[in-house]
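[1] Would you be able to build a 3D model of this:
(one chain, ligands or ions: 1)
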Amino acid sequence: MKECCICGRKSVDEEFCEYHQAAHINLKSVFEIWVNANRGVTWEEYIRQVYELEETGQWVKEIIENIMSQNGP
Ligand SMILES: [Zn+2]
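    Numbering: from 1, shown residues only. Below is the predicted model of the structure:
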């Protein structure tokens, strides 16, 4: 049984638990809205901006931290 790579809870998709998976799906769906509304925004710019928003939830921030650490320098 795999564990969520962020929080260690039981994973539902071999990578994330149900909470982080839901946050990841939400993050990707909002990105598509941003791309349609603001042509030219890249995934990296998007996640950086979402991370700075006060209303961004903790689950989403943890997903973004995880993505950034994988892409990191
Ligand atoms: Zn998790």
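
[2] Up against the ion, what does the protein have?
    Proximity of the chain to the ion, by CB under 5 Å from the ion, involves residues 4, 6-7, 9, 17, 20. Where you see a C-beta, it was placed from the backbone N, CA and C, and this is true even at glycine.

[3] Which pLDDT value belongs to Arg39?
    pLDDT for Arg39: 77.

[4] Tell me the one of the residues of the chain next to the ion nearest Glu32?
    His20 (19.3 Å; CB to CB).

[5] Helix or strand: which one has Lys28?
    For Lys28, the host element (DSSP states H and E) is helix 18-37.

[6] Let me see the mean pLDDT of the helix or strand just after that helix.
    Counting by DSSP H and E, the element after helix 18-37 in chain order, helix or strand, is helix 43-52. Helix 43-52 comes out with an average pLDDT of 96.

[7] again, but for stretch 60-73
    On average, stretch 60-73 scores 88.

[8] Which one (most neighbours) among the residues of the chain next to the ion?
    Counting neighbours by other CB atoms under 10 Å, His20 leads these with 23 neighbours.

[9] So that one sits against Ile6, correct?
    Yes. Under the criterion of CB atoms under 8 Å, His20 makes contact with Ile6 at 5.2 Å.

[10] what's the distance between the helix holding Lys28 and the middle of its chain?
    7 Å (CA atoms, centre = their mean, to the nearest Å).

[11] May I see the buried residues of that helix?
    Under the neighbour-count criterion of 16 or more other CB atoms under 10 Å, helix 18-37 has 19-21, 23-24, 27, 31 buried.

[12] That one packs against which elements?
    Under the contact definition 3 or more CB pairs under 8 Å, 6 or more residues apart in numbering; DSSP states H and E, helix 18-37 sits against helix 43-52, helix 58-71.
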